[in-house]
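Trainee: here is a sequence together with a model predicted from it:
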Amino acid sequence: MVVKDVGTIVLDGVEVTLAKGVEVEVPLWAARVLEERGIGNRAEPGLSIEDITRIHFSVMNARSPADLEPLPRDFYFDALDYIEELSNRIRREFNAALLEERQRAIQYFLEILDKRLSLILQSVKSPAALAEIAEKLSPEEAALLDELRRDIEAWRERLSPRES
């Protein structure tokens, strides 16, 4: 949500008009820059402990790459922002409940990260599993998967016998 008139700017090759009171959809990095400069605020609410708990439950119940569900858009960044927000609130007003909520959010976040990584690693071995999981990955996970596949292929190539 734009809170200050700026005019038209170009983001990723697209003209965007920033007029006070207008909601515009921009990439997360751009939203953060606009927030830092006092030009806009994120219209979508961030994550809550309930959201992280729900996602944790879903991820932990996935037994195979086929069971994996897509994460909400910008999940990793939003979760880290939420944890940072809790840390800031704890510094301002020490509260045992906030401290417990932060610890639970961190624990669930790391468990989600580890479980999804495990399922990604399982899928690297099988082209069929790769096809099943590809559309369910966040952009960060897809980049990791691409890098892993390239590294594994290069490793196989180096260790494969050469034909004479």
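Mentor: Everything's here; your move. Treat the numbers as computed from the prediction; the structure is a model and nothing was measured.

Trainee: name the SS class of the residue nearest to residue 70 when sequence neighbours are not counted, please.
Mentor: Computed as CB to CB, 6 or more residues apart in numbering, the closest residue to residue 70 that is not its neighbour in sequence is residue 136, at 4.7 Å. Heads up, the C-betas are built off the backbone N, CA and C, glycines and all. Of the three states, residue 136 takes coil according to DSSP: H, G, I helix; E, B strand; the rest coil.

Trainee: counting by contacts, list what the longest helix anywhere in the chain packs against.
Mentor: Counting residues, the longest helix in the chain under DSSP state H turns out to be helix 96-124. In this structure, helix 96-124 packs against helix 49-60, helix 75-92, helix 127-134, helix 139-159, with contacts taken as 3 or more CB pairs under 8 Å, 6 or more residues apart in numbering; DSSP states H and E.

Trainee: nearest to residue 2, out of those helices?
Mentor: Residue 2 lies closest, by CB to CB, to one member of the helices and strands packed on helix 96-124: helix 75-92, at 19.9 Å.

Trainee: before we move on, the earlier item: the residue nearest to residue 70 and residue 37: what is the separation?
Mentor: Distance from residue 136 to residue 37, counting by CB to CB, to the nearest Å: 35 Å.

Trainee: more neighbours: which of the two?
Mentor: residue 136 (20 against 10; other CB atoms under 10 Å).

Trainee: looking at the chain, which helix or strand does the model trust least?
Mentor: Ranked by mean pLDDT, DSSP states H and E, the weakest helix or strand in the chain is helix 28-36, scoring a mean of 75.

Trainee: what's in contact with that helix?
Mentor: 2, 11-12, 18, 26, 40-42, 74, 77 (CB atoms under 8 Å, 6 or more residues apart in numbering).

Trainee: my guess is residue 49 contacts residue 105. True?
Mentor: Yes: between residue 49 and residue 105 there is a contact at 5.7 Å, judged by CB atoms under 8 Å.
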